[in-house]
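> okay, sequence plus prediction incoming.
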Amino acid sequence: MSKPFIVVSDGMDKGLFNDLCKIDQLNVHPEAKISQESLKNLLPDVEGLIIRSATNVTKELIDSAPKLRYVIRAGEGTDNIDKAYCKEKGIKVSNTPGANNNSAGEHAVALMLTVLRKTAWANQSMKEGKWEKAAFTGNELWKKTVGIVGFGRIGQIVAKRISGFETNTLFFDPLVSRSTSTATKVDKLEDLFSQSDIISIHVPLIEATKNIVNENLLSKMKPTGILINAARGKIVDEQALYQVLKEKKIRGAGFDVFASEPLENNSPLRELQNIVLTPHLGGSTQEAQFRVGEMAIHQVKEFFLNSNLLNEVRH
Ligand code: MLT
């Protein structure tokens with residue numbers, strides 16, 4: 001019997017990838033990071049595909065991969081996978097729940113502090129040979145009201161990590177029934193937006209969350225408010241965000257994710273002074289990449305060698 005052909009397309013921890021390649025019963029493509037162009041050539045034979053956020057498992061990709069049986073998202077969000085079409089074709093989908101959540105949460109906190117203390121702008125100015133102490137007076141995170149949209153694993157990590165700053169933390173999440181020791185439940189998203197000094201988004205991208213942060217919600221923010229998004233770009237109406245930032249209706253924003261990634265070179269967001277941008281780095285730490293890689297390898301082995309499907313994502 002031929003060995004299942006496995007492709008890792010968006011990179012993996014080097015040591016782990018070597019371990020994966022050594023598994024006798026699997027035929028692993030020898031490169032761990034493959035351009036979307038080269039991936040096309042491998043699709044006719046691929047049976048197991050391990051991806052991060054760069055590969056979009058679209059209808060077109062699936063139709064070019066007739067032997068594909070299993071897609072593993074080495075990470076959390078599966079919005080880059082057409083799960084309905086996978087289901088139709090009998091292709092199983094898994095993610096690696098929890099494995100990179102701490103990194104994503106820490107990145108949101110880093111963005112909060114960056115915007116509050118203006119360190120990104122101060123760094124830029126220093127590199128330009130200046131010493132503009134007065135221009136970069138910031139604000140503390142200590143005792144601020146922080147509103148968390150979505151109180152799942154990552155939202156809860158953020159609440160825990162910032163509790164050391166003695167914040168008054170609120171959360172909005174219809175799926176969580178009551179307040180916790182780290183955050184107070186708010187029933188209306190509008191209230192969370194109007195009461196918070198800093199708002200951090202931590203919901204997955206699904207039909208119901210697309211553009212939930214729209215012009216109306218943004219208009220409820222304090223003029224000193226800061227919006228952080230390290231979840232998914234399409235949760236925020238980017239045009240409305242651009243407008244409130246351009247008109248300085250809020251203090252600033254820190255964004256790691258965008259409606260279209262990579263963010264277009266000429267995106268108007270790049271021209272704004274009051275937003276800090278990072279290129280979807282939430283899960284990009286060595287620790288997180290090790291954990292997601294470890295889980296993905298375990299899952300691919302279980303599936304192909306033991307017919308055991310772990311961490312299935314259906315919707
Ligand atoms: C995820 O969904 O796992 C995060 O956005 C991190 C990533 O994909 O790099």
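Okay, I see it.
> just give me the residue right at the centre of the protein.
The geometric centre of the chain, computed from its C-alpha atoms, lies nearest to A231 (Cα atoms, centre = their mean), at 4.3 Å.
> need the helices for the stretch 201-315 of the chain, in chain order.
215-218, 238-246, 286-306 (DSSP state H, counting those that start in this stretch).
> now the shortest one: buried residues?
Of the residues in helix 215-218, those with enough neighbours to count as buried (16 or more other Cβ atoms under 10 Å) are L217, L218. Glycine gets a C-beta too; all of them are placed from N, C-alpha and C.
> now stretch 188-205
189, 192-193, 195-205.
> now check that stretch, is it near the ligand?
No - Stretch 188-205 is not in contact with the ligand by Cβ under 6 Å from any ligand atom; minimum separation 8.4 Å.
> mean confidence (pLDDT) on that stretch, please.
On average, the pLDDT along stretch 188-205 is 98.
> do me a favour and get the end-to-end distance for it?
One end of stretch 188-205 to the other measures 19 Å (Cα to Cα, to the nearest Å).
> which residues touch the residue nearest to the residue nearest to the centre of the chain when sequence neighbours are not counted?
Among residues not flanking A231 along the chain, I201 sits closest, at 4.6 Å (Cβ to Cβ, 6 or more residues apart in numbering). By Cβ atoms under 8 Å, 6 or more residues apart in numbering, the contact list for I201 reads V149, G150, V213, L227, I228, N229, A230, A231, I235, V236.
> for F172, same thing?
G147, I148, V149, G150, F151, K185, V186, D187, K188, L189, L192.
> count the residues that sit near the fourth one.
When you say that, I think you mean G150. 24 (other Cβ atoms under 10 Å).
> looking at the helices of the stretch 201-315 of the chain, which is nearest to N18?
Among the helices of the stretch 201-315 of the chain, the nearest to N18 by Cβ to Cβ is helix 286-306 (10.8 Å).
> ok, which stretches of the chain are strands?
Applying DSSP state E to the chain gives strands spanning 5-8, 27-28, 48-51, 70-73, 92-95, 145-149, 168-172, 184-185, 198-201, 226-229, 252-255, 275-277.
> and whatever residue of the stretch 151-300 of the chain ends up closest to the ligand, how many neighbours?
In the stretch 151-300 of the chain, the residue that lies nearest the ligand is G283 (2.8 Å; Cβ to the nearest ligand atom). When neighbours are counted by other Cβ under 10 Å, G283 registers 25.
> that one against N100, yeah?
Yes - between G283 and N100 there is a contact under Cβ atoms under 8 Å: 3.7 Å.
> name the residues contacting each of those two.
G75, E76, Q289, V292.
> distance to the ligand and pLDDT for those - can I get that in a markdown table?
Shown next, in a markdown table, are those (distance: Cβ to the nearest ligand atom, whole Å; pLDDT from 0 to 100):
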| residue | distance to the ligand | pLDDT |
| --- | --- | --- |
| G75 | 3 | 96 |
| E76 | 4 | 95 |
| Q289 | 9 | 96 |
| V292 | 7 | 97 |
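> a markdown table for those, including neighbour count?
Below are the shared contacts of G283 and N100 laid out as a markdown table (neighbours: other Cβ atoms under 10 Å):
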| residue | neighbour count |
| --- | --- |
| G75 | 25 |
| E76 | 25 |
| Q289 | 22 |
| V292 | 28 |
